[in-house]
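*Asks:* can you look at this prediction? I've put the sequence above it.
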Amino acid sequence: MKPTSKYHCLGLFYTMVLILILLAPELGQTTQAQKINDNELIVLKVRFHLPSGIMMESKGQKMTVWVSPENIKRSLLPEINRIWRPAGIQFEIESIEEYEAIKPANSDKLLREIIDSHRDEDGHSDDTRIPKIKQFFDPAKKHPTAHNVFFFPYLGQTSQGNARFKGNELFVGVWTDKPTKAKKPPQKTLLIEPEPFKIGSLGRTLAHELGHNLGLKHPPKEDMVPYRLMGGTTQGYLLTKEEIKTSRDEAKRHQTDYSKSK
Ligand SMILES: [Zn+2]
């Protein structure tokens, strides 16, 4: 019986080895899959709103929304995705809506107040202009869960964008006087700007405002990490490790909300 038992043991040993060999790639794949999951690309949908019929004037410069769907597809979206690639977050067009803006009864007064709005001594922009801007858009056109980008001619002195913390809407001005600190008439905001950051662009402003939608705040001015997308001492495109973690968590929530609403 002894030899048989010895062979039996050997057989069991070889079977175990065979199982391990067969399982090994599977085990490897599991680790790989978990790894992919951590760096998984999160895709978020964006609805772009291009209103026509809004005319604003500041320091003799007449301003309308001049951005085209082609500008969005060929310049702005690729720039936003270039900036957000390190976080593994990608934005896709849900739709581009071109329509005539609503004309509120007191539209001239509202536009004048938006043009005249400016930052306070602490550099905070005037938040009362946002409800005024909203009156030019039909709320029914807003997507309930995708990110909504509302283009407007001009958002007020030295202001290029506005978003609500963890919200799903943002406003950008396609004319700006931020580079001249409002000393000169507004000029068309650059669509994109090659790095390094010099005067800023619409692409970067959109990427920055989307950062607010994804739960990111401005770092304190004295922050030691330079060239950040969310601000600080020197402006740039960098997302810190913590910002990537925060924005990915928030992006997953946006993604779930969007898939539920479909
Ligand atoms: Zn900001």
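*Replies:* In hand now; what should we look at?
*Asks:* could you pull out the strands for the chain?
*Replies:* Per DSSP state E, the chain has strands spanning 42-52, 56-58, 61-63, 89-100, 147-152, 161-163, 169-173, 175-176, 187-188. These are given in chain order.
*Asks:* Throw these into a markdown table and include mean neighbour count, distance to Pro196 and mean pLDDT, thanks.
*Replies:* C-beta: built from backbone N, CA, C; applies to glycine. Below are the strands of the chain laid out as a markdown table (neighbours: other Cβ atoms under 10 Å; distance: least, Cβ to Cβ, whole Å; pLDDT from 0 to 100):
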| stretch | mean neighbour count | distance to Pro196 | mean pLDDT |
| --- | --- | --- | --- |
| strand 42-52 | 19 | 26 | 98 |
| strand 56-58 | 18 | 29 | 97 |
| strand 61-63 | 17 | 28 | 98 |
| strand 89-100 | 16 | 22 | 98 |
| strand 147-152 | 24 | 25 | 98 |
| strand 161-163 | 24 | 20 | 95 |
| strand 169-173 | 23 | 22 | 97 |
| strand 175-176 | 24 | 19 | 98 |
| strand 187-188 | 14 | 20 | 97 |
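*Asks:* distance to Pro139 added to those strands, as CSV?
*Replies:* Formatted as CSV, those follow (distance: least, Cβ to Cβ, whole Å):
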stretch, distance to Pro139
strand 42-52, 11
strand 56-58, 22
strand 61-63, 24
strand 89-100, 13
strand 147-152, 10
strand 161-163, 17
strand 169-173, 10
strand 175-176, 25
strand 187-188, 28
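*Asks:* relative to His147, how far out is the residue lying closest to Phe165 once chain neighbours are set aside?
*Replies:* Nearest residue to Phe165, sequence neighbours excluded (Cβ to Cβ, 6 or more residues apart in numbering): His212, at 5.8 Å. From His212 across to His147, the span is 11 Å (Cβ to Cβ, to the nearest Å).
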